[in-house]
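1. this is a predicted model, with the sequence first.
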Amino acid sequence: MISRLFTGIAAVAFALFTTQTAQAQSAFSPAIIVNDRVVTYYEIEQRALLLAIMNTPGDVRKLAREQLIEDRLKLEAAEIAGITPSEDGIQAGIAEFAQRVNMPPEDMIKALAAEGVDEETMRAFTFSGLAWRGVIQTRFGSRVQITEEEIDRAIASNSGAGGIRVLLSEIVIPATPQTREQVTSLATQLSQIRSFADFENAARTYSGAPTKQDGGKIDWMSITNLPPQLRPLISALGPGEVTDPVQLPNAVAIFQMRGIEETGRRAPSYSAIDYAMLYIPGGRTPETLARAQEIRDTIDRCDDLYGLAKGQPAGTLVREAQAPGKIPRDIALELAKLDDNEVSTALTTANRQSLIFLMLCGRTAQLGEELSREDVAGALRQQRLQSFADSYLEQLRADAIIVEK
């Protein structure tokens, strides 16, 4: 049940919200008016409660008000455009949300109701998102024209043609199945950052990666070192721009482009990445990190790890040689930062019980690797649509008459 997944926070939050509203206004009286469209105190309570159940960081009441203002703007735009999500679409959206918390939709609705969240609140939350998606597709879909040159550039970044290398910053926010939704929401907000200084501050505040101490900064790397799925997203960025949230097995990440250049020589693509993972029990603690440093100081290459793993339980050392697209994204991203025989200790196992001592053993070069042009165009198109959506919402808000009680 959701009450167990989210540690009972909802009951306390609901009692607090109800008490505050009772002292202020009737639950169904207007709290905010957006272009003559009313947001009631009850809706704010319900949205804040939903956000609290999702363990959303920050002031959930303030965030609820902001989201509901944006919802009214989105719904007004949808009404003007003649867009109304179908019942099948709403049910599919709710089912997708339920899948993220590993529950059947009916059970999730019942669990939310047990915590005080009405089914209509979940429907409204889903309805708004679907309506806005339809608005953006209708209004901007025809304006997003991905040129052959843009696709060629993205494919070149994958194949290594032109020797493209990038200078990135990262924010990697740890996530569990229970918190992934709110972490993704936070990452989406942070993806709106365009200032290098603001991104650095956000990395120091939210990132769980070792790079947080340096504001998320990563050294120059060949774009072909990155996982194939990420290359079109990265190559589409201009300086200061940030990717949409990237889902990793145990985290959600965003990346900011700080610089891009051609080296004048072709960088190879890779058919296989050879890497080793030594699992150190105890999770990510000062003690396990110290142990990892000891190991790092005593070995020179991956083969040396076999001696350390001798006599240890089966599975303590795992060595793989996989195609780049087959490597789990979180591991692939760490390997992208490494040269041969370098080590990362940024990752833990999914249950956080073991530190992963990750070592790059080598890369096997292969020229002529191809990407689907349709996949590249789709990734570039989605990035462009998101930019249009953000700008349009800012415009709607600037033109709106918003009265907050």
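-> Yes, it's here.

2. which strands or helices does the helix or strand where Ile234 lies pack on?
-> Element membership of Ile234, judged by DSSP states H and E, is helix 231-235. Helix 231-235 sits against helix 148-159, strand 164-174, strand 251-262, helix 373-399, with contacts defined as 3 or more CB pairs under 8 Å, 6 or more residues apart in numbering; DSSP states H and E. All C-beta atoms are positioned from the backbone trio N, CA, C, and that covers glycine.

3. same thing but at 7 Å, please
-> helix 148-159, helix 373-399 (3 or more CB pairs under 7 Å, 6 or more residues apart in numbering; DSSP states H and E).

4. mind putting the ones you listed in CSV, distance to Leu289, mean neighbour count and mean pLDDT included?
-> Listed next are these as CSV, based on distance: least, CB to CB, whole Å; neighbours: other CB atoms under 10 Å; pLDDT from 0 to 100:
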stretch, distance to Leu289, mean neighbour count, mean pLDDT
helix 148-159, 34, 18, 65
helix 373-399, 36, 15, 82
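
5. out of the ones you listed, which gets nearest to Tyr275?
-> helix 148-159 (20.1 Å; CB to CB).

6. isn't Tyr279 right up against Ile356?
-> Yes: assessed by CB atoms under 7 Å, Tyr279 is found in contact with Ile356 at 6.3 Å.

7. how many neighbours does Pro249 have?
-> The local packing of Pro249 (other CB atoms under 10 Å) involves 12 other residues.

8. can you pull the pLDDT of it?
-> You'll see Pro249 listed with a pLDDT of 83.

9. phi first, then psi, for it.
-> When read as degrees, to the nearest 10, the backbone of Pro249 gives phi -50, psi -40.

10. after the helix holding Ile234, which helix or strand is next? Please name it.
-> strand 246-248.

11. buried residues, that following strand. List them.
-> 246, 248 (16 or more other CB atoms under 10 Å).

12. then stretch 170-187?
-> In stretch 170-187, counting by 16+ other CB under 10 Å, buried: 170-175, 178-187.

13. not counting sequence-adjacent ones, nearest residue to Asp330?
-> Leaving aside its sequence neighbours, Asp330 sits nearest to Leu248 (CB to CB, 6 or more residues apart in numbering; 4.3 Å).

14. correct me, but the one you found touches Ile327?
-> No: using CB under 7 Å, Leu248 is not in contact with Ile327, being 11.7 Å away.

15. which residues are in contact with the residue nearest to Leu289 when sequence neighbours are not counted?
-> Closest residue to Leu289 apart from its sequence neighbours, by CB to CB, 6+ apart: Thr345 at 6.2 Å. When contacts are counted by CB atoms under 7 Å, 6 or more residues apart in numbering, Thr345 touches 289, 292, 355, 357.

16. among those, name the ones in helices.
-> 289, 292 (DSSP state H).

17. give me the buried subset of the contacts of Thr345.
-> Taking 16+ other CB under 10 Å as the criterion, what is buried in these is 292, 355, 357.

18. where in the stretch 201-350 of the chain is pLDDT low?
-> Low-confidence segments of the stretch 201-350 of the chain (pLDDT under 70): 263-269.
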